[in-house]
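Participant: Sequence first, then the predicted structure:
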Amino acid sequence: MIKYVPDCVQTCIKHILTGIDGESYDIAKVCGALGVLFFMGMTAYVVVFKNQPFDYVNWGIGFGSMMGSLGVAIKLKENSEPRA
């Protein structure tokens, strides 16, 4: 996978991002992980480089709705996953 990441971390990431069979990557989980990374990155950018104040309430509402919709997306596609 990545050259400088330990094997245990690579295995953990693979288990998080794959479906029930453990081999095929789940598009909902991959998009969710990228969405979380983008959300955190944009938050850091706006606060650090744009010097805008951090609003805890709106950030929590946005992050919670993103995580909730990710859970719904994973649950809705559970019947279409390849079985082991």
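Facilitator: Ah, there it is.

Participant: And for residue 38, the neighbour number?
Facilitator: A count of nearby residues for residue 38, using other C-beta atoms under 10 Å, gives 11. C-beta: built from backbone N, CA, C; applies to glycine.

Participant: would you say it is within a helix?
Facilitator: Yes. With DSSP: H, G, I helix; E, B strand; the rest coil as the criterion, residue 38 is assigned to a helix.

Participant: quick one: pLDDT of it?
Facilitator: Listed pLDDT for residue 38 reads 96.

Participant: Can you tell me how far it is from residue 11?
Facilitator: According to C-beta to C-beta, to the nearest Å, residue 38 and residue 11 sit 24 Å apart.

Participant: cool, and residue 19?
Facilitator: Distance, residue 19 to residue 11, by C-beta to C-beta: 16 Å.

Participant: Give me the more crowded residue out of those two.
Facilitator: Neighbour comparison, residue 19 and residue 11: the larger count goes to residue 19, with 20 against 11 (by other C-beta under 10 Å).

Participant: Need phi/psi at the more buried one.
Facilitator: Note on residue 19: its backbone torsions stand at phi -80, psi -160 [degrees, to the nearest 10].

Participant: before we move on, what about residue 71?
Facilitator: phi -60, psi -40.
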